Each structure stands twice: as structure tokens, then as C-alpha cells.
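[1] Provided below for reference: sequence and predicted model.
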Amino acid sequence: MDQNLQPPRDDKERCPDASRPFFASPSWVQADRHPGVAMRLRDASRVLAFAGALHSYACSPLTPEDGPAPGPREPDAAGAQADAAIPSMNDAGRDVRTGGPDGPSTSDGSTIPSDANVVRKDGGAGAEADFAARCAAPGVVLCTGLNTEADLQAGEIGPAADGSRQGFVDNAHETSGGGSLRFTLRAGVSESNIGGYWSHALGKKFVSGDVLYVQWRQRITPEFLSNSSSYWRSSIKQINIHGPNSTCQGAEFTTALYDNKPEMYTNCGDGFDTDATNNTLCNGTCGGDILLQQGSSLVSSPNGDGYNCHYNDQSPGTGDGSGCFFFPPNVWVTYYEKITIGAFGGTTSAVDAWVAIGGGGYKQFHRASGIRFNDNRDDNFTRIRLETYMTELTSAAPVTTYTWFDELIVSTQPIAAPKI
């Protein structure tokens, strides 16, 4: 097989039989079961050098969304220790802008507003007012600060595989409002549903022709990265936007960490790999150089913009046109996605996605069009799920770690980024 040819990723590949281990050993994937993954991981030492989990694919069945009764919030000693090592950022951050006056371009040629490139630092004066202004903006259909138990109970708190609740409000780590949603990823657990999830209605039914915008903040610990690369070796879901009947189907857009870097997919695993020459979607048929992440342009550093993550060179980047975006620890990262929903059964969907680190500006990491809206189940999107599901997890980690979510917004119009 051509080393650069990627076979399609489908439902069966993403959802292997639980009775048959996905990984043959800590470092190698069974090529006969998933040749695309084995191809991507042919240089396992390089992946591990970048603190990446083995590149793999994630899915979860639609499970009952009635979690156990809420329990008391757990102490956060580990998180507090992690924060003690980084400088306080309680001062108001200044505005930082990137790109031109109209902001970076998207897959359909439009632009995001220039104020969407402004990102505030962690916490600070005016944070609550800033978040309230974004919540009150035209087009917003869901906005939650995830600050209180009542905020969590407004949605569904899904249990981990053993029935325990692992998602609680954390008042020690937040970007505004005094709290955030923290998932505990426990040491010694090797089940895919390691931390449970939180699910909520989108606020409206999104159908073909609609554009869905979503923004959230997320944070991880250093131990999250080391567990991922050395023990879990699995994709790790972040959010899943889906239809009413399943989280794994054509009406699905999931963002997950692969090798500790975010990538999106639809239909249980159809990713958004593109040709590095013209940025044409080629998932499953790529030949030659492949982009796992696509910046606002294909221009290389230092004159480009965004992350152009080449399959053959997955070096970390800084958002100036070359390199990959890897989720950094101990800092809030803002994620912002624009999802254009195409014709049901057609290939007219598109995604644009950006990240911003701490007080920096937005940098694009996905820019793909020509995406198929598979007509295998729902023709609409109604729910969003924040989660930690690891499809290929078979090895437990020795250290408990955490991830936090905050400031979730869903809208029918562009969402301005935090300004303070």
C-alpha cells in the first residue's frame, strides 16, 4: 500500500468489537483491523516524542442520559497544586488581534468578525459582564457558564462506565462566574467511558442550510498529557454535536484529541484530512502530502496564519502557518467552530475551527469543505455533549488527572470571542 494512502474511516473501524483488543501492543496497531491508523503510527517514537497518544478513532453508543443523583463536590488538591506553579492571571487581559480587519477567512470564503479574534486572559475584572454580553448577542440559542450544580442539572450528567459520577462543579478553576465543569479521569480505570459526560439540548433543531456556531473553554493538566501518551493511547473526545437518536451517525460533528491535538470528524469517524497542495478534502483517498489540520491559508511560516499540520511532519507549531496545534496544559484554551450543514445525503457541509491559547489571538486549525452529510439516520442536530470518552482505552494510567469545561455558547450567528 502507498504509505500516504489513507483508507476510509467508517463506523466499524471506529467502533471495534469490545471483545477484541484494538491495540496489539503499547506501540503498534493491528494493521489488518485498521490499516489507516497503523499507517499513521508507523513511526511510533515520533508520536511519543510529541507527547501524543496513538492516533486512533473514537465513538460512543447513545447511552441513557440519566446520571446518578448528584453528590458532594470533590476536593481539588491536585488541581490547586498544578495552578500554584503558574503565574496568577487575575488582571484584565488586553485585547490581542490577529489577521486583517475582517478576521481570518473560512472555508466558504466568508470571514469571522475582527472582534472574534480578541481573547481575554484567565479570569479578571469584567469577565462576568463580558460573558453575559456574548450570551445576550443575537442568535444565541444556548449559553451556560457551568458555574453551579443548577447549571449542570439543567442538562444531563452522564455517569462513567462503573455508574459513578465524575463531573462536578469546580469553584477553584474558572474563566468567569465562579465555577466550571470538571471531569475526573481516575487512575486505575481502563474502561472507555472513564469520566462520563454532560449533555444538553442545542436550543433549536439545526437542519440543512443552517450554520451552527459553538464556542467553549477547556483546560487540562500536565498529567492528562503524560497519561495520554504513555498509558491511555486513545483518542479522547471533547465535544459531540449530534442528532436525537445517536451520537455516532451522519448527523454528528465530534471534536476529539488525537495524539493530544484536536481534530474533527463526522459519521463515526470520517475525518477532515485534506490535500496539502489545494486543501481539497481527501479523507480515505489522500495521496501525497496530507494535512491533518488546516490553517487560514496554506502559506508556510513565518508568513502564514493558523496551523497546517502535515501528516509527514507533526511538529508543534505557533500558528504562523506551519506545524500542529497540541493542547497545552495549565491554561484555558478557547475553541470556536463554525459548522455549515449541507444537504442531507450530499457533500456540501463545511467546518472551520479556531483555537486561542490564554491571552493570544485565534488561530485556525480546521478549514474543510465538501463534507458528506451521510443519510444513515437523523437529518438534524439537536444535542451537544461535553465528554472524555476514549474508544480505544485498554490500559489504565497510574495518576488521576482532570479536564475542565467553561463558558459554552451555541448560536446561529458568529460568536464574539472574550474581550477582557
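    Sure thing, it's come through.

[2] only C-alpha atoms for contact and neighbour calcs from this point on.
    Noted.

[3] Quick check: the gap between residue 126 and residue 418.
    10 Å (Cα to Cα, to the nearest Å).

[4] Show me which of the two is the more surrounded one.
    Neighbour tally, residue 126 and residue 418, criterion other Cα atoms under 10 Å: the higher count belongs to residue 418, 22 against 14.

[5] Tell me the pLDDT of the more buried one.
    Residue 418 carries a pLDDT value of 82.

[6] now it: how far from residue 376?
    38 Å.

[7] same deal with residue 366?
    For residue 366, the distance to residue 376 - Cα to Cα - is 25 Å.

[8] And for the helix or strand harbouring residue 264, what's in contact with it?
    In this structure, residue 264 sits in strand 261-266 according to DSSP states H and E. Strand 261-266 is contacted from outside by 52, 249-257, 271-272, 292-293, 324-327, 366, using Cα atoms under 8 Å, 6 or more residues apart in numbering.

[9] Next step: those restricted to strands.
    Judged by DSSP state E, those include 252, 253, 254, 255, 256, 257, 271, 292, 293, 366 as members of strands.

[10] Compare these and tell me which is most surrounded.
    Busiest of the ones in strands among the contacts of strand 261-266 [other Cα under 10 Å] is residue 366, holding 32 neighbours.

[11] count of residues packed around residue 391?
    Residue 391 has 24 nearby residues by other Cα under 10 Å.

[12] same question, residue 331
    19.

[13] just residue 263 next, same as before
    Residues near residue 263, counting by other Cα under 10 Å: 23.

[14] ok, what's across the strand from it?
    Using DSSP bridges, the bridge partners assigned to residue 263 are residue 256.

[15] low pLDDT regions in the stretch 101-250 of the chain?
    Counting by pLDDT under 70, the stretch 101-250 of the chain has low-confidence residues at 101-125.

[16] What segments of it are strands?
    With DSSP state E, counting those that start in this stretch as the criterion, the stretch 101-250 of the chain has strands at 140-144, 156-158, 167-170, 180-185, 197-207, 211-220, 236-242.

[17] quick one: the fifth one to strand 180-185, angle?
    Between the axis of strand 197-207 and that of strand 180-185 there is an angle of 120 degrees, by axes from the mean of the first three to the mean of the last three Cα atoms, to 10 degrees.

[18] neighbouring strands for strand 197-207, and are they parallel or not?
    Per DSSP bridges, strand 197-207 is paired in its sheet with strand 156-158 (antiparallel), strand 380-387 (antiparallel).

[19] Now do that strand against strand 211-220, angle only.
    160 degrees.

[20] Name the residues of strand 197-207 that are buried.
    By neighbour count on 16 or more other Cα atoms under 10 Å, the buried set for strand 197-207 is 197, 198, 199, 200, 201, 202, 206, 207.

[21] nearest residue to the last one other than its sequence neighbours?
    What sits nearest to residue 207 in space, not counting adjacent residues and going by Cα to Cα, 6 or more residues apart in numbering, is residue 380, at 4.7 Å.

[22] ok, back up a step: now the ones in strands among the contacts of strand 261-266 in JSON lines, with distance to residue 281 and pLDDT?
    Below are the ones in strands among the contacts of strand 261-266 laid out as JSON lines (distance: Cα to Cα, whole Å; pLDDT from 0 to 100):
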{"residue": "252", "distance to residue 281": "18", "pLDDT": "98"}
{"residue": "253", "distance to residue 281": "16", "pLDDT": "98"}
{"residue": "254", "distance to residue 281": "17", "pLDDT": "98"}
{"residue": "255", "distance to residue 281": "17", "pLDDT": "98"}
{"residue": "256", "distance to residue 281": "19", "pLDDT": "98"}
{"residue": "257", "distance to residue 281": "20", "pLDDT": "98"}
{"residue": "271", "distance to residue 281": "9", "pLDDT": "95"}
{"residue": "292", "distance to residue 281": "11", "pLDDT": "97"}
{"residue": "293", "distance to residue 281": "11", "pLDDT": "97"}
{"residue": "366", "distance to residue 281": "11", "pLDDT": "98"}
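
[23] Please give the number of neighbouring residues around the residue lying closest to residue 183 once chain neighbours are set aside.
    Nearest non-adjacent residue to residue 183, counting by Cα to Cα, 6+ apart: residue 167, 4.5 Å away. By other Cα under 10 Å, the residues close to residue 167 number 28.

[24] about what we covered before: what number of residues are in the vicinity of the residue nearest to residue 207?
    21.
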